[in-house]
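**Q** Fold the following for me, if possible:
(chains A and B)
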There are 2 protein chains.
Amino acid sequence: MSKPLTLSVDAMGGDHAPGVIIAGVDQFARAHPQARFILHGGPDALEPLLQSHPAARAASTVEPCTGVVEMHDKPAQAMRRKGTSMWNTIASVKAGTADAAVSAGNTGALMAVANLQLRTMKGLHRPAITANWPTARGFSVVLDVGANVDSDPEQLVDFAIMGEAFARALHGTLKPTIGLLNVGAEEVKGHDDIKEAMRLLRLHGGALGMSVHGFVEGSDLSAGTTDVVVTDGFTGNIALKTAEGTARLVGGFLKEALTSSPLSMLGALLAKGGLTKLKARMDPGSVNGGVFLGLNGLVVKSHGGADGPGFAAAMGVAARLAASDYAADIAASLERLAQSRAAQENQASPA
Amino acid sequence: MSKPLTLSVDAMGGDHAPGVIIAGVDQFARAHPQARFILHGGPDALEPLLQSHPAARAASTVEPCTGVVEMHDKPAQAMRRKGTSMWNTIASVKAGTADAAVSAGNTGALMAVANLQLRTMKGLHRPAITANWPTARGFSVVLDVGANVDSDPEQLVDFAIMGEAFARALHGTLKPTIGLLNVGAEEVKGHDDIKEAMRLLRLHGGALGMSVHGFVEGSDLSAGTTDVVVTDGFTGNIALKTAEGTARLVGGFLKEALTSSPLSMLGALLAKGGLTKLKARMDPGSVNGGVFLGLNGLVVKSHGGADGPGFAAAMGVAARLAASDYAADIAASLERLAQSRAAQENQASPA
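**A** Predicted coordinates for the structure are as follows:
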């Protein structure tokens, strides 16, 4: 049997820390009795919470920190403050004492602190933040949703490699289909960078053993047309927040509709079972866990506003990835990509 | 009294033409007895439909065409085929015999045909497609949602001017607030082009009398944080289709939830009034009508899959804009922008 999982947890990060963090750890600990946790935070704040959460208590050690990165802190500030709960959460992964880090803190700060300590994997241009996107067919992997503000064609190829490995690790899809997000599905559409990225994906796709579907549109994200959707961090971040906002708007409209008359209210009461199921499917908590891919170490970002079950879901993503070979999978693909590039260059200029 | 409105209608464009087009014209005609219509299409196809739609019949003339632009035709093909119903629909606006054109045909082809015949307004870099976006507060104006595949900072300033004029004309908002779509609300966020666009908006905003709110995020689109949201055509197109796809997904989940048990089905039946209201709010038909702004002539694109009421809604957008001073409003803003630029240059290099 493999050695038990150890997760490094930022107990002070997020809108409702440390309360919901400890509740999340407790829920996860009950479901995974073998797992161990390093909780980074203030012992004065954490100990009383742990007393009322015995499963978390039994499996955790508390590592005191010297401060907390606030939600409004700038990434540059967070990078200079060693000893914060966020800094120490990443440091445990770098030191090899934990298999993965989980934090609900400030995304920009977490990305900066993780980049600084863990560094980008050899062979990759830049890391990416990956979202697990609910679709009509289940879930798709979408990246980058915000690690970068722009991405050149070669970075988009990197993202495809990372997304493919993530889909294999998290969803068990052996040969995930890859789509490149564009303004239309036809190959003639889009700007030069996106066309060049598609050319590169097609050029190296065979050597990579990659199933390149082609361009996909915004509507394909929730349709689940491909297992992986690759996009630059600017577009991906806006698409993600647009989808979250739209789901919230429709949810609000639904609530208004179901309270608009006594008859509607009675109907909603009778349909409560079905509507609760709907809420669960739309709940960001159930799909929580944006993963920072491409670093030398695994970092999962929970939604800042997540509740206990939401944070536990993020820990579940970390656990599944930690148990997988995603890093070796990415490294093997990068090796094949390098060989394919070398072969193309030899072909272009034969000796 | 002003002269009666004349709309030029592409009776053959769209997934369900000409049936739903004539139904839409008839509905609009009943609500606007003064309006006149030039219907471009095949008389053999249109005459039988008009016989069963007397309001449309009474207010319309049919102009025969020599072909139809299909939904899968390339823009370049459509541009070469004079005499199609789409071509002629635009030609009536160019000739001044109609106040606005309405088509549910192929967007790319319509944009190409409209650009070619009507040309970009003097002083603008490029036209833009504008969406009327449903929000928690009503509607916001979002542009560009697909006329361009990339946009430089000066074009984004043009879009702000066009969007402001559109919000005034369509929604009667005297001083619309302007947001620039980005990955975060803080001024330090985003790539160089978006920061430069914000600098230009702030620099000229005073001279333009424009209410520049700042950066907005994807979630602000459906929150309705600003009256106008400016973005490049690549991001805007993806955001629009992502939102449409998400609304469809949530609608599908809702349907499943409400048919998941007999009790839920009974509940849904009782709540039918409220749910019908919800459907109307989510129906693209109720907000139908993407407007091509920035051309010398008004062109409204209806959703390709719109039904009769949806096409009538697009005609309503065309009618309201045709009755407004939006073109003069844009021209006046462009004049102020030119003066502000000249003043800045004088300041930079005093004589």
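**Q** drop to CA atoms for contacts and neighbour counts, all remaining ones
**A** OK.
**Q** Who are the contact partners of the residue nearest the centre of chain A?
**A** By CA atoms, centre = their mean, chain A has its centre lying nearest to A:G290, at 1.9 Å. Residues near A:G290 by CA atoms under 8 Å, 6 or more residues apart in numbering or on different chains: A:I129, A:T130, A:A131, A:N132, A:V300, A:K301, A:S302, A:H303, A:A314.
**Q** now that we have those residues, which one has the most neighbours?
**A** Within those, neighbour counts (other CA atoms under 10 Å in any protein chain shown) peak at A:S302, which reaches 30 neighbours.
**Q** can you put the contacts of A:G290 in TSV and add secondary structure and distance to chain B?
**A** Formatted as TSV, the contacts of A:G290 follow (DSSP: H, G, I helix; E, B strand; the rest coil; distance: CA to the nearest CA, whole Å):
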residue	secondary structure	distance to chain B
A:I129	strand	13
A:T130	strand	15
A:A131	strand	15
A:N132	strand	14
A:V300	strand	20
A:K301	strand	17
A:S302	coil	18
A:H303	coil	15
A:A314	helix	22
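**Q** Put together TSV for those, with pLDDT on each row.
**A** Listed next are these as TSV, based on pLDDT from 0 to 100:
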residue	pLDDT
A:I129	94
A:T130	93
A:A131	91
A:N132	89
A:V300	96
A:K301	93
A:S302	92
A:H303	86
A:A314	93
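**Q** Now the two most distant members of the residues you listed.
**A** Greatest spacing in these, by CA to CA: A:I129 and A:A314 (13.7 Å).
**Q** pretty sure A:Q117 contacts A:I90?
**A** Yes - under the criterion of CA atoms under 8 Å, A:Q117 makes contact with A:I90 at 7.2 Å.
**Q** For those two, indicate the residue with more neighbours.
**A** A:I90 (29 against 18).
**Q** I'd assumed the more buried one was in a strand, is it?
**A** No - counting by DSSP: H, G, I helix; E, B strand; the rest coil, A:I90 is not found in a strand; it is helix.
**Q** My read is that it contacts A:A101, right?
**A** Yes - A:I90 is within contact range of A:A101, at 6.0 Å (criterion: CA under 8 Å).
**Q** list residues touching both of those two?
**A** Joint contacts of A:I90 and A:A101 (CA under 8 Å, 6+ apart) are A:S8, A:V299.
**Q** Between the contacts of A:G290, which sits nearest B:S349?
**A** A:I129 (45.4 Å).
**Q** Now do the same contact list for the closest one.
**A** A:I129 makes contact with A:L143, A:D144, A:V145, A:G146, A:A147, A:G290, A:V291, A:F292, A:L293, according to CA under 8 Å, 6+ apart.
**Q** Can you tell me which of those residues is nearest A:L110?
**A** For the contacts of A:I129, the nearest to A:L110 is A:F292 (9.5 Å; CA to CA).
**Q** Where do the strands of the stretch 101-250 of chain A begin and end?
**A** Counting by DSSP state E, counting those that start in this stretch, the segments of the stretch 101-250 of chain A that form strands are A:128-135, A:138-143, A:177-181, A:211-216, A:228-230.
**Q** Okay, angle between the longest one and strand A:138-143 too, please.
**A** By that I understand strand A:128-135. 160 degrees (axes from the mean of the first three to the mean of the last three CA atoms, to 10 degrees).
**Q** May I have strand A:128-135 exported as PDB, CA atoms only?
**A** Provided in PDB are the C-alpha atoms of strand A:128-135 (Å, rounded to 0.1, in the frame of the first residue of the first chain):
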ATOM      1  CA  ALA A 128      -2.100  27.600 -15.500                       C
ATOM      2  CA  ILE A 129      -5.100  27.500 -13.300                       C
ATOM      3  CA  THR A 130      -7.500  24.700 -14.200                       C
ATOM      4  CA  ALA A 131     -11.300  24.700 -13.600                       C
ATOM      5  CA  ASN A 132     -13.500  21.700 -13.300                       C
ATOM      6  CA  TRP A 133     -16.500  22.900 -15.400                       C
ATOM      7  CA  PRO A 134     -20.000  21.400 -15.000                       C
ATOM      8  CA  THR A 135     -21.500  20.400 -18.300                       C
END
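**Q** how far is it from where the chain is centred?
**A** 6 Å (CA atoms, centre = their mean, to the nearest Å).
**Q** what's the answer for stretch A:9-21, then?
**A** 18 Å.
**Q** contacting residues for A:L118?
**A** By CA under 8 Å, 6+ apart, the residues touching A:L118 are A:I90, A:K94, A:L295, A:N296, A:G297.
**Q** for chain A, longest helix please?
**A** For chain A, the longest helix by residue count, based on DSSP state H, is helix A:233-258.
**Q** just the angle between the helix or strand just after that one and helix B:233-258, please?
**A** Proceeding N to C from helix A:233-258, the next assigned helix or strand is helix A:262-270, under DSSP states H and E. In terms of direction (the same axes, to 10 degrees), helix A:262-270 departs from helix B:233-258 by 80 degrees.
**Q** Helix A:262-270 close to chain B?
**A** Yes - Helix A:262-270 reaches chain B (CA under 8 Å from any CA of the partner chain) through A:L263, A:S264, A:M265, A:L266, A:G267, A:A268, A:L269, A:L270.
**Q** Any chance of TSV for these, columns neighbour count and pLDDT?
**A** Output for the residues of helix A:262-270 next to chain B, formatted as TSV (neighbours: other CA atoms under 10 Å in any protein chain shown; pLDDT from 0 to 100):
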residue	neighbour count	pLDDT
A:L263	18	78
A:S264	23	77
A:M265	20	79
A:L266	18	79
A:G267	24	74
A:A268	27	76
A:L269	18	75
A:L270	22	76
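**Q** Identify the farthest-apart pair in those.
**A** Maximum distance among those (CA to CA): 10.7 Å, for A:L263 and A:L270.
**Q** can you list the weak-confidence ranges in the stretch 101-250 of chain A?
**A** The model of the stretch 101-250 of chain A has no residue with pLDDT under 70.
**Q** That one against chain B: which residues are in contact?
**A** Going by CA under 8 Å from any CA, the residues of the stretch 101-250 of chain A near chain B are A:135-136, A:146, A:149-150, A:181-183, A:190-191, A:217-223, A:234-235, A:237-247, A:249-250.
**Q** Buried ones among these?
**A** A:135-136, A:146, A:149-150, A:181-183, A:190, A:217-223, A:234-235, A:237-247, A:249-250 (16 or more other CA atoms under 10 Å in any protein chain shown).
**Q** I'd like the next helix or strand past the helix or strand that contains A:F311.
**A** Taking DSSP H and E as the definition, A:F311 sits inside helix A:308-322. Using DSSP H and E, the helix or strand that follows helix A:308-322 in sequence is helix A:326-348.
**Q** what about that following helix, distance to the chain center?
**A** 25 Å.
**Q** wait, what's in contact with the closest residue to A:S324 other than its chain neighbours?
**A** The shortest distance from A:S324 to any non-neighbouring residue, by CA to CA, 6 or more residues apart in numbering or on different chains, is to A:A169 (5.6 Å). Neighbouring residues of A:A169 by CA under 8 Å, 6+ apart: A:R320, A:L321, A:S324, A:D325, A:Y326.
**Q** circling back to that earlier point, just the closest of the contacts of A:L118 to chain B, please.
**A** Nearest to chain B among the contacts of A:L118: A:L295, at 21.8 Å, using CA to the nearest CA.
**Q** Now the phi/psi pair for that closest one, please.
**A** Dihedral pair for A:L295: phi -100, psi 160, per degrees, to the nearest 10.
**Q** quick one: the helices in the stretch 1-150 of chain A?
**A** Using DSSP state H, counting those that start in this stretch, the helices of the stretch 1-150 of chain A run over A:19-31, A:43-51, A:54-59, A:75-80, A:85-94, A:107-118.
**Q** most tightly surrounded among these?
**A** Of the helices of the stretch 1-150 of chain A, the one with the most neighbours on average (mean count of other CA atoms under 10 Å in any protein chain shown) is helix A:85-94, at a mean of 26.
**Q** That one packs against which elements?
**A** strand A:6-10, strand A:36-41, strand A:100-103, helix A:107-118 (3 or more CA pairs under 8 Å, 6 or more residues apart in numbering or on different chains; DSSP states H and E).
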